[in-house]
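S.K.: Predicted model, plus sequence, below.
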Amino acid sequence: MKERLVPLERIRNIGIMAHIDAGKTTTTERILYYTGRKHKLGSVDEGTATMDWMDQEKERGITITSAATTCFWRDFRINIIDTPGHVDFTVEVERALRVLDGAVALFDAAAGVEPQSETVWRQADKYGVPRIAFMNKMDKIGANFEMAIQTMVEKLNANPVAIQLPIGSEANFEGVIDLVKMKAVYWLNEDGTQYEYRDIPEELLEKAEEVREEMIVALSDVDDELMEAYIEGEEISENRLKEAIRLATLQRKIVPVLCGSSYRNKGVQLLLDAIVDYLPSPLDLPPVKGWDPKTGEEILRNPSENEPFSALAFKIMVDPMIGKLTYFRVYSGRLEKGSYIYNSTQNIKERVSRLVFMHADKKEDVDYIRAGDIVAAIGLKSTKTGDTLCDESSPIILEKIDFPEPVISIAIEPLTKADEDKLSKALLALAEEDPSFKVYVDEETGETLIAGMGELHLEVLIERLKREYNVQVRVGQPQVAYREAITDNVETEGKYIRQSGGRGQYGHVKIRVEPIDFSKEFEFESQLKGMTIPKEYFPAIEAGAKEACQSGPLIGAPVLGVKVTLLDGSYHEVDSSELAFKVASSMAVKEALHKANPVLLEPIMKLEITTPEEYMGDLIADLNTRRAKIEAFETRGNLRIIKAFVPLAETFGYATALRSLSQGRATHIIQFSHYEEVPEKVLEKIIKKV
């Protein structure tokens, strides 16, 4: 098989990430076409894109789930994950970036950095992923290469370095100037398969030399030899420049910037060249870090077939025909199909019945997999997203994936009795696939609630229930996922004493609760002096405290930003138990939360509206009625941008209101920003409803 013959240094595991509608899926379709993976150009608008294989993706014209594929370019194997751009599906980007080696950040050349571009950029920063940037849609009205690069500096705090220049823009976009080769590139036919290098047009030569010099100066910061050659006026070869760009990219000192128009079939082959020339192979990255599940000691694994097997499960999909598909990234070692694998996170063994390379929803069976591969396994029944799979004789636990907490929930119920069983099974399957989707039962009302990242997220999942699982449901109105917090330090004690013949129960703790940053959720510390409580009871005390913080004193919402400190207590030689200390701790914390001046928090969303100027007044007036705080106004071509923060509770149905106020000409992007205290008047209304 061709896949097996490619050495590790010629493998690229990359993701394509961007704001919604920047052209990610179109670019991936062109990549598949030019690499010979498919023989016809797919279109998002026509619903024929290979990577948008779900019915809803075709209908809505957006990517909902990340899709994986493999293709070949210049004898390099490129494993690609095409990720969604809509903020409601940001979890798909998070888990893809956790397992990828490099990324292509796509930008709309007329808009530059947009809100979701910032989110995915920060996610890539978190995982230390080297990137190249592609300024797409150079043929679009308002396309401006220099402006788009400047937004990367201002909004992303990045160091973009142009390695190409566009020849013209908007309707006059003809080709690109390759600043490494110092040649102009023109595409000769409509599908973009034929292109040629020519001399740079005379009117652009001076500009090209100037920008090339800026590129060399930027590279000199990471390459001393290049700096010397530049200072001494030596001619710097194409290969020497490529080496320097690659080094600077891998060290994340620069972001090389290319340009083109994927829809018009211009620039994609040069993007493929840049992927293989500048983005890392598995060998270019440091060894993956993990921990021994027994001792907690740090372990490093090199990307080699000769090391013990280790992999991270990053995505689960339920296929109606074959059952569960587990996607994972192999970091070290080798695994044969039909063999057993150890899940060190859950301490269980599972059998791998089939191993497949994915091409969107198509599967290609393979006999074995090795370090550097991104594959899917069939037959793993219990493995979840974020679990480590490894060799049982050399166990390791790799760093998990962090997932955001849901901010919106709705009640859901089956239309008929016959749908009850089907609904619970379907919800469990969807929750297994999507860690940002939660299902729980309201203890007071007995209602089943589903929670997610936004209205579109839940809308898509409800549609999947109907189509994929054939379950008809009735849904309630969206509910805000409120949280609670405390504002004072309080010390309390909790005693749990039971005596009813035989061994009793005795637990006694003195604790202090104090507010900390909301992002930290919960912290526990012991300042106990001496042996007034044996250390073996500390985990139970922490568990009781954490449990008490799951339901706050105002409306029963989880409490964020609480630090619980164990100060003192006492125990009984015979009657003390973990249960007694857990209950005592829970009692103490609940009392403290009531006394610590609790406040209610609501999710605040970051809203960005793009609108023609004539609707500005009406839109701002509407925002003021929604308790919005307007942050800034910007101008982009002949459009105006309104940036604001608005409570989630005030955004339900906003898309319809915006269409009405702007005659359908304004667009908006909304994403979760932070939690903020609810004003007193609003608090009273919320408490009355509960």
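M.R.: Structure received. Quick caveat: nothing in here was measured; it's all calculated off a predicted structure. Numbers count the residues shown, from 1 in each chain.
S.K.: what sits against Thr27?
M.R.: For Thr27, the contact set (C-beta atoms under 8 Å, 6 or more residues apart in numbering) comprises 16, 104, 106, 134, 136, 262, 268, 271. (Each C-beta comes from the backbone N, C-alpha and C, glycine too.)
S.K.: Once you drop chain neighbours, what's closest to Val678?
M.R.: Leaving aside its sequence neighbours, Val678 sits nearest to Leu600 (C-beta to C-beta, 6 or more residues apart in numbering; 4.4 Å).
S.K.: what sits against that neighbour?
M.R.: 482-484, 554-555, 557, 677-678, 683, 686.
S.K.: now do 7 Å
M.R.: Applying C-beta atoms under 7 Å, 6 or more residues apart in numbering to Leu600 gives the contacts 482, 484, 554-555, 678, 683, 686.
S.K.: so which one among those has the lowest pLDDT?
M.R.: In terms of pLDDT, Ile686 ranks lowest among the contacts of Leu600, with 85.
S.K.: quick check, that one in a helix?
M.R.: Yes - looking at Ile686 with DSSP: H, G, I helix; E, B strand; the rest coil, it is inside a helix.
S.K.: Tell me how many other residues crowd it.
M.R.: Per other C-beta atoms under 10 Å, the neighbour tally for Ile686 reads 17.
S.K.: Distance of it relative to Ile408?
M.R.: 15 Å (C-beta to C-beta, to the nearest Å).
S.K.: hmm, back to that, any chance of the contacts of Leu600 in CSV, plus secondary structure and distance to Lys595?
M.R.: Listed next are these as CSV, based on DSSP: H, G, I helix; E, B strand; the rest coil; distance: C-beta to C-beta, whole Å:
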residue, secondary structure, distance to Lys595
Tyr482, coil, 21
Glu484, strand, 14
Leu554, coil, 13
Ile555, coil, 17
Val678, coil, 20
Leu683, helix, 18
Ile686, helix, 21
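S.K.: just these now: which is nearest Ile533?
M.R.: Using C-beta to C-beta, Glu484 is the member of those that lies nearest Ile533, at 28.1 Å.
S.K.: In space, what's closest to the closest one - neighbours in sequence excluded?
M.R.: Gly552 (3.2 Å).
S.K.: Could you give the number of residues near that neighbour?
M.R.: Neighbour number of Gly552 under other C-beta under 10 Å is 25.
S.K.: Just confirm it contacts Val559, I think it does.
M.R.: Yes - using C-beta atoms under 7 Å, Gly552 makes contact with Val559 at a distance of 4.4 Å.
S.K.: Name the residues contacting each of those two.
M.R.: Common neighbours of Gly552 and Val559 (C-beta under 7 Å, 6+ apart) are 484, 593.
S.K.: Which of the residues in stretch 120-138 are classified as buried?
M.R.: By 16 or more other C-beta atoms under 10 Å, the buried positions in stretch 120-138 come out as 120-121, 123-124, 129-138.
S.K.: Name the surrounding residues that touch the helix or strand containing Glu228.
M.R.: Element membership of Glu228 [criterion: DSSP states H and E] is helix 224-231. With contact meaning C-beta under 7 Å, 6+ apart, helix 224-231 is reached by 216, 219-220, 236, 240, 244.
S.K.: Who are the packing partners of the helix or strand following it?
M.R.: As assigned by DSSP H and E, the chain's next helix or strand after helix 224-231 is helix 238-250. Secondary-structure packing of helix 238-250 (3 or more C-beta pairs under 7 Å, 6 or more residues apart in numbering; DSSP states H and E): helix 202-220, helix 268-278.
S.K.: For my notes, confirm the residue nearest to Val678 occurs in a helix.
M.R.: No - counting by three-state DSSP, Leu600 falls outside a helix, being strand.
S.K.: just use 19 as the starting number from now, easier for me
M.R.: Got it, the first residue is 19 from now on, which makes the last one we talked about Leu618.
S.K.: Relative to Leu289, how far out is it?
M.R.: Taking C-beta to C-beta as the measure, Leu618 falls 49 Å from Leu289.
S.K.: following the one helix or strand in the chain whose mean pLDDT sits lowest, which helix or strand shows up next?
M.R.: None of the helices or strands of the chain scores lower by mean pLDDT, DSSP states H and E than helix 73-78, at a mean of 45. The element immediately downstream of helix 73-78 (helix or strand, assigned by DSSP H and E) is strand 85-91.
S.K.: could you check the angle helix 286-296 makes with that following strand?
M.R.: Calculated by axes from the mean of the first three to the mean of the last three C-alpha atoms, to 10 degrees, strand 85-91 forms an angle of 90 degrees with helix 286-296.
S.K.: what sits up against the helix or strand following strand 85-91?
M.R.: Scanning forward in sequence from strand 85-91 by DSSP H and E, the next helix or strand is strand 94-100. Where contact means C-beta under 7 Å, 6+ apart, the residues beyond strand 94-100 that reach it are 21, 24, 28-34, 42-43, 46, 49, 69, 81, 84-89, 114, 118, 293-294, 392.
S.K.: Now with 6 Å, please.
M.R.: 24, 28-34, 42-43, 46, 69, 84-89, 114, 294, 392 (C-beta atoms under 6 Å, 6 or more residues apart in numbering).
S.K.: for stretch 381-392, same thing?
M.R.: 26, 29, 31, 97, 300, 321-323, 347-348, 350, 352-355, 373-375, 393.
S.K.: can you check stretch 206-224 too?
M.R.: Outside stretch 206-224, the residues touching it (C-beta under 6 Å, 6+ apart) are 195, 201-203, 205, 226, 283.
S.K.: Could you work out the end-to-end span of stretch 571-591 for me?
M.R.: Separation of the first and last residues of stretch 571-591 by C-alpha to C-alpha, to the nearest Å is 34 Å.
S.K.: meant to ask about stretch 205-215, not that
M.R.: End-to-end distance of stretch 205-215: 9 Å, with C-alpha to C-alpha as the criterion.
S.K.: what do you get for stretch 486-500?
M.R.: With C-alpha to C-alpha as the measure, the first residue of stretch 486-500 is 31 Å from its last.
S.K.: residues of that stretch that come out buried?
M.R.: Quick answer for stretch 486-500 (16+ other C-beta under 10 Å): 486-487, 489, 491, 496-500.
S.K.: mind checking how far it is from the chain centre?
M.R.: On the basis of C-alpha atoms, centre = their mean, to the nearest Å, stretch 486-500 sits 24 Å off its chain's mean C-alpha point.
S.K.: Thanks again, I'm all set now.
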